[in-house]
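Undergrad: Have a look; sequence and predicted model below, questions after that.
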Amino acid sequence: MILAIAAALAIVAQDHTWLRAAPRANATGLVALWQGDVVEIRGDHAGYLQVYDYQRERGGYVRSAAVRRVGLTEADAPELLAVLRFLRESAGSEALGISYGAVYLKAVPPGALTAEPFDAIATMAERLADSASGARLQQPDIAAHLEVVEQFGVHMRSFDRDGRVQVCYDGELFRRVLALARATAEQRANAALALTRPECIDPDSGPLQRASLDQERLELLDEVDERGLTGQMRSRVRARRAGVLAAIAYEKARHDESAAAAGERALAELLGVNPHELGEDRRSEYVDAMLRVSAIRWATSLPTAQQGPLTLISSRGEPGQTCLTLEDSRRGHSPLVRRCTFGVVWSPSVQSIARAPALVVAVQPLESWRELWVFHEIAGIWMVDVLFPGTDDPGEGYVDFAGFVPATRHLLVAREVREHGHYRRFFEELRLDDLALVRQASAPELLRAFGRWQDVNWRRDTLALH
């Protein structure tokens, strides 16, 4: 885009800057220019510049105050870099900052080039993509800014996710950062985090493609040298690593492979995060990782012998399907109820509630979505009810069995879910007969039943109390 011409250039600094047919405020507006647009200066006329826009192949006049003159010589490089550094963290000025970055790359001598401009441009591109995700109608200027940066080779990918448009930067310049020997540890870590974002994985990826991608994500994160990182960046890398390892553990369990090593490492990485170092802006990354690891926490447990007369038997159904059959030894092992799933059945989670009678088991149909299946009897008929983490379409969340109150036949559960971009954690008492909500609180100590009847193993192993 930045042409190799010996001409004076200017960068448009304000949105909705009109390219007019004459150097007057009331002249016909030919086209609206946006921050970051680059034009060639061909004349100066009393407060207006005569310019030519190569992108739109059109000439005209713009107000001098709406643009900033820039040069492409080696002497101009330090000033351009200073502006780039200023705009790097200026939210809403991403298109302008990327334009300055492109001009700087044209002006700086090859021997003086470092990873800094690539890191800055890529970071702004990532932030612009985040602004564009699901916000095109509310922020009409965003679409114009995306067109501006596209002319500099900054490409975006977009796809539907949970009913909204997810826009992601393709990460080309982050890969350039990783390839440069002069990149700092912090720049490398920032690039690795950008290239491993879970929300930027195409939801239509097939199982084999996804498994390969998760392995690549883990390799990128494992190459980060934590010794040169700030506390915040180190915790961000470990939180991301934990989330990727949780995804790998789930994929291994789906293919009947041992997920224990990946699950244990995911938990270790999560415990290595210092939430206080992340700050308010980055705390959601820790919560997201904790939710993902919680969803696969049964991967680190070994199956135990089922106690009591109720026994849950697992068998093969259709290809990729697991069928669960409940039997009662007091009835000659006759099947009571049967249900099948394409999800992962975590057999260590099977727990019989003798005083009910009932039985619960954790079933995970998606990478970060774990349900609780409740086998119970109503009016002599056995049935299976499913407790979901939330009410919306499957996204991120889990449900834990947390205890049982014999006197009231109340089931104690813990839920954590991400809905509409917000994380919610709550503890509940449910009637076993119909699983209707009796009480709900944001902390277990606010429910009296949790004080006496919570399950000891749940309290020991759950992450919901962190």
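TA: That came in fine, so what should we check first? Residues are numbered from 1 along each chain as shown.

Undergrad: can you give me the helices in the protein?
TA: Using DSSP state H, the helices of the chain run over residues 77-88, 94-107, 116-132, 141-150, 172-179, 185-194, 207-222, 231-254, 260-271, 275-295, 448-453, 456-461.

Undergrad: in the longest one, what counts as buried?
TA: Under the neighbour-count criterion of 16 or more other Cβ atoms under 10 Å, helix 231-254 has 232-254 buried. In short, each C-beta sits where N, CA and C put it, glycine included.

Undergrad: partner residues bridging the closest residue to Ala125 other than its chain neighbours?
TA: Distances taken as Cβ to Cβ, 6 or more residues apart in numbering place Tyr169 nearest to Ala125, at 4.3 Å, with adjacent residues excluded. Beta-bridge pairing of Tyr169 under DSSP bridges involves Met156.

Undergrad: Any regions of the chain where pLDDT drops low?
TA: Scanning the chain for pLDDT under 70 picks out 1-7, 134-140, 162, 333, 392-394.

Undergrad: gap between stretch 420-432 and the chain center?
TA: How far stretch 420-432 lies from its chain's middle: 21 Å, per Cα atoms, centre = their mean, to the nearest Å.

Undergrad: so who does Thr304 touch?
TA: With contact taken as Cβ atoms under 8 Å, 6 or more residues apart in numbering, Thr304 is in contact with Pro348.

Undergrad: Which residue would you name as the spatial centre of this protein?
TA: Nearest residue to the geometric centre of the chain (Cα atoms, centre = their mean): Glu199, 3.8 Å.

Undergrad: Report the separation between Glu251 and Arg210.
TA: Distance, Glu251 to Arg210, using Cβ to Cβ, to the nearest Å: 7 Å.

Undergrad: Correction: the previous question concerned Arg409.
TA: For Arg409, the distance to Arg210 (Cβ to Cβ) stands at 42 Å.

Undergrad: which ones are touching the closest residue to Arg338 other than its chain neighbours?
TA: Spatial nearest neighbour of Arg338, excluding adjacent residues (Cβ to Cβ, 6+ apart): Thr325 at 4.6 Å. Thr325 sits next to Leu312, Ile313, Ser315, Pro335, Val337, Arg338 when contact means Cβ under 8 Å, 6+ apart.

Undergrad: Those, buried ones only, as a PyMOL selection?
TA: Only the buried entries of the contacts of Thr325 go into this PyMOL selection, using 16+ other Cβ under 10 Å:
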select buried, resi 312
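
Undergrad: Take the contacts of Thr325 and lay them out in a markdown table including distance to Ala46.
TA: Below are the contacts of Thr325 laid out as a markdown table (distance: Cβ to Cβ, whole Å):
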| residue | distance to Ala46 |
| --- | --- |
| Leu312 | 85 |
| Ile313 | 88 |
| Ser315 | 86 |
| Pro335 | 91 |
| Val337 | 86 |
| Arg338 | 85 |
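
Undergrad: from the contacts of Thr325, which ones fall inside strands?
TA: Residues of the contacts of Thr325 located in strands (DSSP state E): Leu312, Ile313, Ser315, Pro335, Val337, Arg338.

Undergrad: For Ala102, see how far away the first one is.
TA: For Leu312, the distance to Ala102 equals 61 Å [Cβ to Cβ].

Undergrad: I figured Ala120 was touching Val83, is that so?
TA: No. Using Cβ atoms under 8 Å, Ala120 is not in contact with Val83, being 10.6 Å away.

Undergrad: okay, the two: which has more neighbours?
TA: When Ala120 and Val83 are compared for neighbours, Ala120 comes out ahead with 23 against 18, by other Cβ atoms under 10 Å.

Undergrad: The contacts of Thr325: which two are farthest apart?
TA: Pairwise distances across those peak at 13.7 Å for Ser315 and Val337 (criterion: Cβ to Cβ).

Undergrad: all strands in the stretch 301-450 of the chain, in order from the N-terminus.
TA: Assigned strands in the stretch 301-450 of the chain, in chain order: 310-316, 322-328, 334-341, 344-353, 358-366, 369-378, 381-387, 396-405, 410-419, 422-431, 437-441 (criterion: DSSP state E, counting those that start in this stretch).

Undergrad: deepest of those strands, which one?
TA: strand 396-405 (a mean of 24; mean count of other Cβ atoms under 10 Å).

Undergrad: tell me the angle that strand makes with helix 275-295.
TA: 80 degrees (axes from the mean of the first three to the mean of the last three Cα atoms, to 10 degrees).

Undergrad: packing partners for strand 396-405?
TA: Counting contacts by 3 or more Cβ pairs under 8 Å, 6 or more residues apart in numbering; DSSP states H and E, strand 396-405 is packed against helix 275-295, strand 344-353, strand 358-366, strand 369-378, strand 410-419, helix 448-453, helix 456-461.

Undergrad: between those, which gets nearest to Asp434?
TA: So among those, strand 369-378 is nearest, using Cβ to Cβ, at 7.6 Å.

Undergrad: and that closest one, which strands flank it?
TA: Partners of strand 369-378 in the sheet, by DSSP bridges, are strand 358-366 (antiparallel), strand 381-387 (antiparallel), strand 396-405 (parallel).
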